[in-house]
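[1] the amino acid sequence is not available; the structure is as follows:
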């Protein structure tokens with residue numbers, strides 16, 4: 001990073017070039033603000049990025065962009081963020097899913113981007129629960145889930161007011177939790193409502209070229225507005241004076257100042273950057289949930305094997321357990337299977353190779369304690385185990401993947417910790433979100449994962465909302 005950045009002053013400094021940070025930067029640049037985005041790593045995207053291996057690009061994070069609605073749909077999160085960022089709908093190249101399902105022992109529920117299909121599935125599988133399910137759906141539809149001042153309440157208790165069958169309850173929570181809950185066993189009802197709407201009322205889509213389409217779109221928009229972005233530029237310390245942040249010390253020792261700071265680093269991680277806080281600040285709000293994911297590249301399309309689903313949320317145990325793994329490196333009893341090929345890309349458009357991604361919960365501390373040799377050996381073991389579980393849930397379960405596998409890779413909680421900085425490799429950050437984005441300092445605010453809006457669209461809306469509320473209102 002050029003030394004000339006030292007002693008510069010900005011109206012707003014944004015920590016992190018993920019979806020929330022870039023969206024906040026665009027919003028502020030549109031308003032003519034002098035803003036800079038600082039990112040510790042060499043790639044934007046944060047939790048939703050990509051990497052290259054032997055010339056092949058792998059998405060991380062993005063299985064699907066939730067909150068999908070067709071072009072021209074009004075009054076939805078996707079429409080709002082595109083309007084706020086002044087980005088055209090078609091630039092996202094969103095292609096809707098084929099269809100997904102929730103797979104539990106003895107029961108499956110299919111869903112598409114048409115909620116009526118999911119409702120009909122529930123009615124068929126759980127005829128005695130359908131009235132309660134419809135009542136729940138209507139309550140979720142009308143809930144003010146984006147109220148920044150709302151007091152957190154239990155989603156489990158809210159669902160149980162309408163649903164009395166534990167199996168249906170678990171089947172509803174499985175996809176909702178896997179795609180956004182930082183809390184074990186339960187989640188805030190407002191966050192549940194946001195995720196329920198984004199998965200079931202709206203739906204899944206993906207650009208043909210994956211997450212890099214979205215990242216490039218945000219980067220190009222921000223750059224076109226004159227926004228400054230510095231990569232490989234981490235924050236060592238936020239210096240304070242009284243009730244305000246007074247300066248930002250960078251990893252290279254340079255110091256810059258700002259009227260306001262928006263941090264997407266996480267609530268606990270941001271608190272611990274501040275020199276007026278103890279090293280163990282906010283210990284009671286550290287996320288406990290991390291994941292591992294295998295990526296397999298195949299020599300043919302998934303549909304050639306009879307695999308037509310876009311995403312499968314599975315559970316093989318008697319009850320769905322969403323909690324930190326305690327006694328193993330990985331919990332293979334539940335997870336997410338994703339086929340990026342199985343979107344409606346249009347005539348003549350398809351990924352050149354087949355992709356199979358399998359996500360499961362994993363134990364951060366145990367993965368990080370392994371020696372390098374043991375780490376590689378355990379990756380190989382759990383890769384094979386998760387492929388075995390997956391094939392047991394798919395048609396043609398006796399298929400030998402070794403014959404058709406071109407290459408494979410796997411990331412673990414150790415990878416997540418390295419590239420996000422999240423303590424415990426917690427994918428979704430702290431369990432207790434700070435909805436209004438305020439911290440103990442008057443001019444330091446949170447956006448992104450720990451502000452509490454979920455998914456890729458939610459992350460961008462978080463950046464927009466916090467920029468509007470704290471940097472543009474009355475400015």
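    Sure thing, it's come through. Because the structure is a prediction, the values reported are computed rather than measured. Residues are numbered from 1 along each chain as shown.

[2] which residues of the stretch 1-150 of the chain score low on pLDDT?
    Applying pLDDT under 70 to the predicted model, the residue ranges of the stretch 1-150 of the chain that meet it are 1-4.

[3] going along the chain, name the helices of it.
    19-30, 77-85, 115-125, 130-142 (DSSP state H, counting those that start in this stretch).

[4] need the winner for burial among these.
    Of the helices of the stretch 1-150 of the chain, the one with the most neighbours on average (mean count of other CB atoms under 10 Å) is helix 19-30, at a mean of 29. For the C-beta atoms, the positions are set from N, CA and C on the backbone; glycine is no exception.

[5] could you check how far that one is from the centre of its chain?
    The offset between the C-alpha centroid of helix 19-30 and the centroid of the whole chain comes to 18 Å, using CA atoms, centre = their mean, to the nearest Å.

[6] before we move on, what about stretch 127-137?
    In terms of CA atoms, centre = their mean, the centre of stretch 127-137 is set 29 Å apart from its chain centre.

[7] C-terminal to the lengthiest helix in the chain, what's the next element?
    As assigned by DSSP state H, the longest helix anywhere in the chain is helix 372-393. Following the chain from helix 372-393 toward its C-terminal end, the next helix or strand by DSSP states H and E is helix 401-404.

[8] on contacts alone, who are the packing partners of that following helix?
    Under the contact criterion of 3 or more CB pairs under 8 Å, 6 or more residues apart in numbering; DSSP states H and E, helix 401-404 touches strand 290-298.

[9] so what secondary structure elements neighbour the strand it packs on?
    Based on contacts counted as 3+ CB pairs under 8 Å, 6+ apart, the elements that strand 290-298 packs against are strand 56-60, strand 354-362, helix 372-393, helix 401-404, strand 405-411, helix 413-420.

[10] so which of the ones you listed is nearest residue 169?
    Between residue 169 and these, the tightest spacing by CB to CB is seen for strand 354-362, at 19.1 Å.

[11] so what's the residue count around the closest residue in space to residue 277 that isn't next to it in sequence?
    If the residues on either side of it in the chain are set aside, residue 277 comes closest to residue 271, at 5.1 Å by CB to CB, 6 or more residues apart in numbering. Per other CB atoms under 10 Å, the neighbour tally for residue 271 reads 24.

[12] same check, this time on residue 254
    When neighbours are counted by other CB under 10 Å, residue 254 registers 18.

[13] and the one 5 residues further on, by the same measure?
    Here the neighbour count serves as a burial measure; for residue 259 (other CB under 10 Å) it reads 16.

[14] what sits against it?
    Taking CB atoms under 8 Å, 6 or more residues apart in numbering as the contact definition, residue 259 lies against 10, 11, 12, 443.

[15] gap between the last one and residue 194?
    With distances defined as CB to CB, to the nearest Å, the gap from residue 443 to residue 194 amounts to 28 Å.

[16] next one: the second one
    For residue 11, the distance to residue 194 under the criterion CB to CB works out to 30 Å.

[17] which one of those two is surrounded by more residues?
    A count of neighbours by other CB under 10 Å puts residue 194 above the other of residue 11 and residue 194, at 27 against 16.

[18] am I right that that one sits in a helix?
    Yes: using DSSP: H, G, I helix; E, B strand; the rest coil, the assignment for residue 194 is a helix.

[19] correct me, but it touches residue 143?
    No: the pair residue 194 / residue 143 is not scored as a contact, 9.1 Å apart, by CB atoms under 8 Å.

[20] sorry, back to before: just want the angle from the longest helix of the chain to strand 405-411.
    Orientation check (axes from the mean of the first three to the mean of the last three CA atoms, to 10 degrees): helix 372-393 against strand 405-411 gives 120 degrees.

[21] mind giving me the packing neighbours of helix 372-393?
    Counting by 3+ CB pairs under 8 Å, 6+ apart, helix 372-393 packs on strand 290-298, strand 311-315, strand 330-338, strand 354-362, strand 405-411.

[22] just the buried residues of that helix, please?
    By neighbour count, and taking 16 or more other CB atoms under 10 Å as the criterion, the buried residues in helix 372-393 are 375, 378, 379, 382, 383, 385, 386, 387, 389, 390, 391, 393.

[23] now that helix: mean pLDDT?
    Predicted confidence along helix 372-393 averages 96 (mean pLDDT).

[24] about what we covered before: with respect to residue 352, which of the helices of the stretch 1-150 of the chain lies nearest?
    Comparing the helices of the stretch 1-150 of the chain against residue 352 with CB to CB, the closest turns out to be helix 19-30 (26.5 Å).

[25] packing partners of that closest one?
    strand 9-15, strand 35-38, helix 77-85, helix 211-224, helix 455-467.

[26] so which of those comes closest to residue 53?
    Closest of the helices and strands packed on helix 19-30 to residue 53 is helix 211-224, at 14.3 Å (criterion: CB to CB).
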